[in-house]
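> I'll drop the sequence and a predicted model, then ask my questions.
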Protein chains: 4
Amino acid sequence: MDAAQLAQFAVQKMLSGDEASRSLGMELKTVGAGTAIVSMKVRKDMVNGHDIAHGGIVFTLADTAFACACNSHNVVNVAQSCSINFTRPALLGDVLTATAVEVTRGRRSGVYDVRVENGDGKLVALFRGQCASLDKPLVEI
Amino acid sequence: MDAAQLAQFAVQKMLSGDEASRSLGMELKTVGAGTAIVSMKVRKDMVNGHDIAHGGIVFTLADTAFACACNSHNVVNVAQSCSINFTRPALLGDVLTATAVEVTRGRRSGVYDVRVENGDGKLVALFRGQCASLDKPLVEI
Amino acid sequence: MDAAQLAQFAVQKMLSGDEASRSLGMELKTVGAGTAIVSMKVRKDMVNGHDIAHGGIVFTLADTAFACACNSHNVVNVAQSCSINFTRPALLGDVLTATAVEVTRGRRSGVYDVRVENGDGKLVALFRGQCASLDKPLVEI
Amino acid sequence: MDAAQLAQFAVQKMLSGDEASRSLGMELKTVGAGTAIVSMKVRKDMVNGHDIAHGGIVFTLADTAFACACNSHNVVNVAQSCSINFTRPALLGDVLTATAVEVTRGRRSGVYDVRVENGDGKLVALFRGQCASLDKPLVEI
């Protein structure tokens, strides 16, 4: 397996057990070594009274893309700290896309950036996550 | 109405239209001028394959407590940027409590700190949120 | 004046009064509409006992590039919140370069990303800043 | 030596080699196990054209208090990521005080909160730092 195949294999295994992202309707579009794209449609049970998506749900999408990217090398990594800037409301019915890229990755920790965009390609939120490696394989090969 | 009654009135109104926090089973325990406590039980649809709560769901709880606290003066405030540090996993069945306090509040923006604890009072996550005021009432009185 | 000339004019005026960046030996390399590059050599009075630059000094360089970029439209903007991830030590004698880019900019606030690199082009720190507009010109034209 | 004496011993040793904090006139007021207070006067070479302290210098003060607190157990800890919210300008001549407290500390990492106040006790900035342990003693005893 090359790095891209390993990423596919490991991350799909990880997501297969993840009830949280499944129940929110998240879909893994692509995953590679250090990168991932995850999408989600904003449903009625994700919005407030003004039909605007809860910021936490937008964060959850970004956090999922981050988790996919930082576990894509088949080494277990857990989120240590994350920050998010909200730049535009996500609306009921919007299909959001979170694109995660690896900025830097060391032996013990890494930093990943995630952009969340709406269907028009407009920026909804910027997320940055730092993870810590647990130094063990995600899936046995 | 005094400040505490206004907080109750405004925040309960705000939450009554919030499908997202309702669907996650969140419960407003107390709310006052600049403060709020919100709790949530970690359900099966909130965890990953190791029965650990998705970080995004923990964030969503903290973010909801933040929203309650920063809207408690009956002035609409929206989240601009938030950060979270994860310090301990939250497990399936845990009842989490998020306690938000106002650190500072100006005419245009404010900063709020939220601690998320599990049922044993152990720290699960630290959240800090910065909001921007839209300078209009949340509910008409 | 076009946008690039305005950026030059406004930011050079702003920096001309800035004793802090001058005393740290910072140099504006380029500035444009929403972007800026600032460099600084790590001096003896900027390091700790192991000849590693103080994280605060690295932050200060990034923050200066951020200030240049977010004031480049000749509208006064002040930093509201910033975050930094330290990825590699900066050493005595290193010439650091901070490159700021505008991620998003609205009427009231903006978000800027800054990369700090050493002379080998290796990433030293990642900075993200959010600013608030004071809605007044930086310099009268 | 008890924990408080160890903190004093280790942190004073650490600061004695720190040219950066010395050149900025920082003074360690108190240090204990997990806590530290550091003060600094805002000098002419720390301000911009409006006699307001550079945000980076305020950050540097907070970061120094953080470093003292997170190294106070005589285990080397390095800053991984920090965030700061600026709430009020610090002015030329102000004597700023940064108070760092330990929020949580594990085997591999810790989180510390720092408040920076001016001479009137007003909040100037809120800082949160996350450190990683290098798992070796700061000073040999």
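Nice, I can see it.
> any bit of the longest helix anywhere in chain A sitting next to chain B?
Ordering each helix of chain A by length in residues (DSSP state H) puts helix A:55-70 first. Yes - applying CB under 8 Å from any CB of the partner chain, one finds helix A:55-70 in contact with chain B at A:55-57, A:59-64, A:67. (Each C-beta comes from the backbone N, C-alpha and C, glycine too.)
> What are the buried residues along the helix or strand just after that helix?
Sequence-wise, the next helix or strand downstream of helix A:55-70 (DSSP states H and E) is strand A:75-86. For strand A:75-86, a neighbour-count test (16 or more other CB atoms under 10 Å in any protein chain shown) marks A:75-77, A:79-86 as buried.
> And for stretch A:38-49?
A:38-40, A:42-43, A:46-48.
> what's the angle from the top strand by length along chain A to strand C:75-86?
Ranked by number of residues, the top strand in chain A under DSSP state E is strand A:123-137. Using axes from the mean of the first three to the mean of the last three CA atoms, to 10 degrees, the direction of strand A:123-137 lies 10 degrees away from that of strand C:75-86.
> ok, strand A:123-137: who's next to it in the sheet?
strand A:75-86 (antiparallel), strand A:109-117 (antiparallel) (DSSP bridges).
> just the residues of helix A:55-70 next to chain B now: which is nearest B:Gly25?
Ranked by distance to B:Gly25 (CB to CB), these are led by A:Gly56 at 13.4 Å.
> Could you double-check that A:Val76 lies in contact with A:Leu134?
Yes - applying CB atoms under 8 Å as the test, A:Val76 and A:Leu134 come out as touching, 4.3 Å apart.
> Taking the centroid of chain A, which residue is nearest it?
In chain A, the centroid-proximal residue (CA atoms, centre = their mean) is A:Ala65; its distance is 1.2 Å.
> Identify the residues contacting it.
Neighbour list for A:Ala65: A:36-38, A:98-100, A:114 [criterion: CB atoms under 8 Å, 6 or more residues apart in numbering or on different chains].
> Out of the residues you listed, list just those in strands.
Checked against DSSP E, the contacts of A:Ala65 include these in strands: A:36-38, A:98-100, A:114.
> For chain A, which residues are neighbours of chain D?
A:80-81, A:83, A:108-109, A:130, A:132.
> quick one: which of those is nearest chain C?
In terms of CB to the nearest CB, no member of these lies closer to chain C than A:Ser83, at 5.2 Å.
> The closest one pairs with what?
Bridge pairing for A:Ser83 - DSSP bridges - gives A:Arg128, B:Ser83.
> so which of the strands paired with strand A:123-137 gets nearest C:Glu27?
Here strand A:109-117 is closest among the strands paired with strand A:123-137 (CB to CB), at 27.0 Å.
> what does the average pLDDT come to for that closest one?
Summarised as a single mean, pLDDT over strand A:109-117 is 98.
> That one to helix A:55-70, inter-axis angle?
Going by the same axes, to 10 degrees, strand A:109-117 makes 130 degrees with helix A:55-70.
> Just the CA atoms of strand A:109-117, as CSV, please.
The C-alpha coordinates for strand A:109-117 follow below in CSV (Å, rounded to 0.1, in the frame of the first residue of the first chain):
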residue,chain,number,x,y,z
SER,A,109,2.4,16.7,17.3
GLY,A,110,1.0,18.3,14.2
VAL,A,111,-1.0,21.3,13.0
TYR,A,112,-3.8,21.2,10.4
ASP,A,113,-5.8,23.9,8.8
VAL,A,114,-9.4,23.5,7.7
ARG,A,115,-11.6,25.7,5.5
VAL,A,116,-15.3,25.3,5.7
GLU,A,117,-17.1,26.6,2.6
